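Q: I would like the atomic coordinates for the input below:
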Amino acid sequence: MPRTDLPRPTDAELEILRVLWDLGPSTVREVHTTLERQREIGYTTVLKLLQIMAAKGLVERDETARAHVYKARLAREQTQRQMVGHLLDRAFGGSASRLMMQALSSRKASTEEIAEMRQMLADFEKGKEPRP
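A: All right, here's what the predicted structure looks like:
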């Protein structure tokens, strides 16, 4: 079972995690190539970040092949849940309603997003497990 007490990823680490979540297990070269499409970043920078992330437990490294393959240790939803939980506690005193009110007041939600939120609240009231 993966640990859920892992350190929160930095912005740069989150960028790499997004690539790994989208592509699945990937080499440094594959991560670098994907990130290069968005902004200029050095190969050695990506390598070093992945090494740090492995040491922190954010990614796992498969060293069986010549080119090491990295994969995210936690699923996207688990990482998001961990980060939101931390934000909820620190910035909103544990109040989910204050978090939701701020989120809704800071950026206009689409009709589809509001419908999703209503459905999630209805499911929550029925005791169903929330969907990511």
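Q: how is this protein divided into domains?
A: As given by automatic domain parsing, the domain ranges for the chain are 11-72, 76-125.
Q: summarise which helices and strands the lengthiest helix in the chain is packed against.
A: In the chain, with assignment by DSSP state H, the single longest helix is helix 76-92. Contacts defined by 3 or more C-beta pairs under 8 Å, 6 or more residues apart in numbering; DSSP states H and E place helix 76-92 against helix 11-23, helix 96-106. Where you see a C-beta, it was placed from the backbone N, CA and C, and this is true even at glycine.
Q: now tabulate the ones you listed in JSON lines and tack on mean pLDDT and mean neighbour count.
A: Shown next, in JSON lines, are the helices and strands packed on helix 76-92 (pLDDT from 0 to 100; neighbours: other C-beta atoms under 10 Å):
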{"stretch": "helix 11-23", "mean pLDDT": "97", "mean neighbour count": "17"}
{"stretch": "helix 96-106", "mean pLDDT": "89", "mean neighbour count": "11"}
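Q: would CSV of the ones you listed with distance to Glu129 be doable?
A: Below are the helices and strands packed on helix 76-92 laid out as CSV (distance: least, C-beta to C-beta, whole Å):
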stretch, distance to Glu129
helix 11-23, 21
helix 96-106, 16
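Q: before we move on, the earlier item: residues in contact with the longest helix of the chain?
A: For helix 76-92, contacts defined as C-beta atoms under 8 Å, 6 or more residues apart in numbering pick out 2, 4, 6, 8-9, 17-18, 21, 72, 74, 94-96, 98-99, 102, 132.
Q: pretty sure Cys67 is touching Pro25, no?
A: For the record, residue 67 is Ala, not Cys. No: the criterion here is C-beta atoms under 8 Å, and Ala67 misses it with Pro25 at 11.2 Å.
Q: let's see the pLDDT reported for Arg76.
A: What the model reports as pLDDT for Arg76 is 96.
Q: show me where pLDDT drops low in the protein?
A: Flagging of the chain using pLDDT under 70 yields the residue ranges 1-4, 130-132.
Q: can we see that at 90?
A: Low-confidence segments of the chain (pLDDT under 90): 1-8, 65-67, 96-97, 100-101, 103-104, 107-109, 120-121, 124-132.
Q: hang on, the earlier thing: tell me which of Ala67 and Pro25 has more neighbours.
A: Neighbour tally, Ala67 and Pro25, criterion other C-beta atoms under 10 Å: the higher count belongs to Pro25, 14 against 11.
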